[in-house]
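**Q** Starting from these lines, generate the structure:
(2 chains)
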Amino acid sequence: MPEIFIDNKRYEFEQPGKVLQFMLDNGLDLPFFCYHPSLSIPANCRQCMVKAGMPVFDKVKGTFELDENGERVIRYFPKLMTACSLDLADGMVVHTHHSDELVKQAQADNLEFILINHPLDCPICDQAGECPLQILTYKYGPEGSRFEHKKVHKPKAIQLGPRVILDAERCINCTRCVRFTDEISKTHQLTIISRGDKNYPMTANGKVFDDPYSLNTVDICPVGALTSADFRFKARVWEMNQTPGIDISNGKGCSTWVWTRDNLVMRITPRFNEAVNDHWMPDSGRLSYRIFNENRISKPWIRPDEKEQVRTTWNNAELTLREELDKVKPPEILVIGSPHASVEDSYAYKAYFKSLGVADFYFLPHVIPGSGDDLLLSDDQAPNTRGIRALGYSEVAGDKLQKLVASGRPKLVFILNDDILDRSDLAPSHLEDAYTVYLGTNHNSTSRAADLVIPITTAVEHAASYINVDGRIQRTVPAKETLYTNRRLNLEMSMGRPDHYGTKFDNWVTDANRIDCIPAWEFITRLNSGSDTFVWESSRRILAEIGKKIPAFQGITYEQMDENNGIQLKLEQDSEVNTI
Amino acid sequence: MPNDWKTYKPLLLPAIKDLHEISIYEKNNGYQALRKILKDRETWSPKNVTSEVKTANIRGRGGAGFNAGLKWSFMPEPDGKPRYLACNGDESEPGTFKDRKIFEFNPHLFIEGAIIAAYAMQVEVIYVYIRGEYRPFVKMLQKAIEQAYEKGYLGKKVQGSDFSVDMYTHMGAGAYICGEESSLMESLEGKRGYPRVKPPFPAQRGLWGRPTTINNIETLANVPLVMNYGADWYLRIGPDTHPGPVLYGISGHVNRPAVYEYPAGMNIMTLINDVAGGMRGGKKLKALIPGGSSTPPLRADMLEGVTMDADSLREAGSMMGTAGMVVMDEDTDMVDLIWRISYFYAHESCGQCTPCRDGTGWLEKTLRKIKNGDGELRDLDLLLAICHRMEGRTICALADAAAWPVRYSIDRFREEFERKCKKTVYAVA
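**A** Below you'll find the model as predicted:
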């Protein structure tokens, strides 16, 4: 097998590739700025320089030339090479800063060059704390600078587009953002303008950087030159907890990091997942974080006697619901599921009503034809359409739903977390005759039309799985506490610096940010408190139960999903009806 | 003997009236080399043409001095897909102004050379990249190209043979870096003029990812001479290692600054004193930049017996470059000169690689500080340190080109630099 010697240690490689990527794959450290595994290699930051050489091959003897000690004679390249663009070759010898003083010096020199025109305004820079330039300077940089002149001044706080703001002085010209728009989003909206130390990325004259993926440039910017207009100045990196999650604003289900502070989601960034979204995610998914914070339903709401809705207690909500259930026969109940609800919630919801004798379960797909693209946006706006199809919910179009209500004349309507009034021909008046129960996360037109509103958890508050448009099952991890969960007791929840080390004075704990809600499956368990049929302790148990009943879910566990960033399920294309 | 400069008859720019007209050029042996090749395709197969040019050892006139025929031989075998010849007429190195003379006075010589080169490399498309400031010369060349098309030297089936070739001119937008071959290709492709990472080399992946060779205008103008009179004849002009006629662009403090054509390997003092009419106002020679601003400057006392060819100049501690000689008399302020050169490079750095982008600016600012009399002795050491950190650490050679003049002038004119710095040296008691 071909071999390579890095810092006098032997490594074997199978695939041809570049030295830097090989080193990163093997857990070796080398500083770099412009290189990005998913973009082309411009080799322009010159930070990953190494000393490299090849053994001298004696063609006559057919062996490598050896010196008097029996070691291979190495012919080094006359200049230092950038590891990012250097091809792996059999027998190659590479020396990094660990074994070569010249390389170490060259890396420090390069950082000195980068920093002479960098404003060094880390204390007021949004990138501080997650800034490769800051981190690598501490690790590899010179102790000080010998630059004694005025730095080059460039425009600051330019609104490049609706979501991205540029500080040109901080830019180190790595061209990652330009390459992203050229190679990934293919909008070609950014370019570098001007020359030499005055250059910076910019859009064409009069053009706006409104790329639907524009915020990815903020992620890949190795300095604070590109910042998010939305997140700017909101929170410091070290104040936030970082929890893995998935994007529920779109059918693609990109893997995400959910950043929370004081139980508010501050931002959502993409998490690397080779099978789904690589390093990227659409702007719409990132900006959907508001639904977790704002306009949330906290505590049950009830409408006494045709009046305005008022807050009520969980006890009262439960008792009222039981009374209403006792009044009706199963055929008089209309159960509407949701492509926005998780697999576990949808399963529990269906299983419960099935046990009562309800036969039909409907859902209204949330598809906007033509809104998707070839990259990471699908027409499907809901995270779990494939999932609830697999669970046996039948699809009903918006106009049919109204007919269904009109003809069936249900006395009791259950709607699971979906703003169906907004998307169908159904009007609040159609539901007037029935007692409507809405289990939802946010206030919307459907919740306002309901007679009883049960608050349930969102994807950032519960552990639950969702199946994306490609049939991949992925799960969320609670990132945000509800009134009933606790970061310190729940081992799955991430702990930030303030949680670990903070006192009660510097760790924000605002009770108002903790929503009074429970997972839908937990509410259903409560309704069933008399029986022993549906007693679930956790969403894990529900998934295990689904696995026993539906072949496609067999053997699927959260652990497996965590390990592989989701699992590809073998689902029938459409209308898979399973009996539960 | 063509090596006697006094009796030398110019070959590239002969003194013939209206030579830029194709009829006059044809009367004066013009397009004979091309006709000869196309008439006898057996003898002059593309391979043989290449090897003839390789034997003639035409050293690239764009600065690197690489054997042109050898460069052609790097082109892979044709595979039926497009391949290109790019002619570099960017000529943006300060002190260089030779190609414009070819465009103006003998464009057909260059066109013929380019067609022969295209034939030798089996290329069907030639691009001529000319700097935007040369608009009048582009027009002149364009007119010559049109004439060549009319006479059937360019276009489909050149002179009735099965060889077709097209020539296009392309104007740059004023960036020095676009004279570097890989950024020239980027610029031709319509992109920002950023030099490319090598490897792959242009002969492997050049314009639009296809094999491409880039030659200087003057280099190609030498090709018809070789094909007309043979490599042996060509090798007898000038020194063995650096044969052929050279266009010396002499500027600065001489009485007759101009472009002069003489064999390579001319004695520098002869060029200054006899060819260019001696120093202006009878002043003493102080320094010489032998081949464009990026070549290290030489002190007057280093010029004894030095001739204008690659080997002699390397021994003397400089380079041939483009043979754009800048002559400076005793009144020249070297600090001011080097600052101006540094200013040029700081302005022209494309900004791609860190050491060049920030290093050129740093050099310029430090030199300006010294020039303005605020310099300190440690600034000289700093300048040398910056040069050391820039050299060989970038994709293209602009960082080296920016660092060398500074490094070598501090080395060679240190006293003068120190004198400028002394004003603000404070004694530490």
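**Q** Would you agree A:Gln189 is in contact with A:Gly206?
**A** No - shown here, A:Gln189 and A:Gly206 do not form a contact pair, counting by C-beta atoms under 8 Å, at 12.0 Å. For the C-beta atoms, the positions are set from N, CA and C on the backbone; glycine is no exception.
**Q** Locate the residue of chain A with the greatest distance from its centre.
**A** What lies farthest from the middle of chain A is A:Val60; by C-alpha atoms, centre = their mean that is 57.8 Å.
**Q** Model confidence for it, exactly?
**A** pLDDT recorded at A:Val60 is 86.
**Q** who has more neighbours, A:Gln189 and A:Gly206?
**A** A:Gln189 (24 against 5; other C-beta atoms under 10 Å in any protein chain shown).
**Q** which is the next helix or strand following the helix or strand of chain A with the lowest mean pLDDT?
**A** Lowest on mean pLDDT, DSSP states H and E among the helices and strands of chain A sits helix A:497-501, with a mean of 81. Sequence order places helix A:520-527 as the next helix or strand after helix A:497-501, per DSSP states H and E.
**Q** How about the secondary structure of B:Leu288?
**A** Classification of B:Leu288 by DSSP: H, G, I helix; E, B strand; the rest coil places it in strand.
**Q** Name the nearest residue to it, ignoring sequence neighbours.
**A** Nearest residue to B:Leu288 in three dimensions, chain neighbours excluded: B:Leu298, at 5.1 Å (C-beta to C-beta, 6 or more residues apart in numbering or on different chains).
**Q** The stretch 101-250 of chain B: helices as residue ranges?
**A** B:107-121, B:135-150, B:181-188, B:217-229, B:231-235 (DSSP state H, counting those that start in this stretch).
**Q** same deal with the stretch 301-450 of chain A?
**A** Ranges of helices within the stretch 301-450 of chain A are A:314-327, A:343-356, A:385-390, A:398-408, A:420-423, A:445-449, based on DSSP H, counting those that start in this stretch.
**Q** least reliable of those helices going by mean pLDDT?
**A** helix A:398-408 (a mean of 84).
**Q** most centrally placed residue in the chain?
**A** All of this refers to chain A. A:Thr256 (1.1 Å).
**Q** was after chain B, sorry
**A** B:Gly62 (2.5 Å).
**Q** hang on, it packs against B:Thr219?
**A** Yes - under the criterion of C-beta under 8 Å, B:Gly62 makes contact with B:Thr219 at 6.8 Å.
**Q** from the chain's centre, how far out does the least confident helix or strand of chain A sit?
**A** 23 Å (C-alpha atoms, centre = their mean, to the nearest Å).
**Q** burial count for A:Tyr11?
**A** So A:Tyr11, with other C-beta under 10 Å, has 17 neighbours.
**Q** Where does pLDDT dip in the chain?
**A** Going with chain A. A:504-507, A:530-534, A:572-580 (pLDDT under 70).
**Q** nope, chain B
**A** Scanning chain B for pLDDT under 70 picks out B:1-3, B:423-429.
**Q** For it, what lies in contact range of chain A?
**A** Contacts of chain B with chain A, taken as C-beta under 8 Å from any C-beta of the partner chain, map to B:175, B:177, B:192, B:194, B:197, B:346-355, B:357-362, B:365-366, B:369, B:382, B:385, B:389, B:392-395.
**Q** dump the residue contacts of the closest residue in space to B:Gly359 that isn't next to it in sequence.
**A** Leaving aside its sequence neighbours, B:Gly359 sits nearest to B:Met390 (C-beta to C-beta, 6+ apart; 4.2 Å). B:Met390 is in contact with B:355-356, B:359-360, B:399-400, B:402-403, counting by C-beta atoms under 8 Å, 6 or more residues apart in numbering or on different chains.
**Q** same question, B:Leu225
**A** B:Leu225 makes contacts with B:11-12, B:234, B:244-245, as judged by C-beta under 8 Å, 6+ apart.
**Q** Nearest to A:Ala128 among those residues?
**A** A:Ala128 lies nearest to B:Gly244 out of these, by C-beta to C-beta, at 60.0 Å.
**Q** quick one, phi/psi of that closest one?
**A** phi 100, psi 170 (degrees, to the nearest 10).
**Q** Give the burial count for residue 91, as a bare number.
**A** All of this refers to chain A. 16.
**Q** Not quite, go with chain B.
**A** With other C-beta under 10 Å as criterion, B:Glu91 counts 26.
**Q** Can you lay out the helices of the stretch 101-250 of chain B as TSV showing distance to A:Asp418?
**A** Below are the helices of the stretch 101-250 of chain B laid out as TSV (distance: least, C-beta to C-beta, whole Å):
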stretch	distance to A:Asp418
helix B:107-121	67
helix B:135-150	67
helix B:181-188	52
helix B:217-229	71
helix B:231-235	84
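**Q** ranking those helices by burial, who's on top?
**A** Among those, judged by mean count of other C-beta atoms under 10 Å in any protein chain shown, the one packed with the most neighbours on average is helix B:107-121 (a mean of 28).
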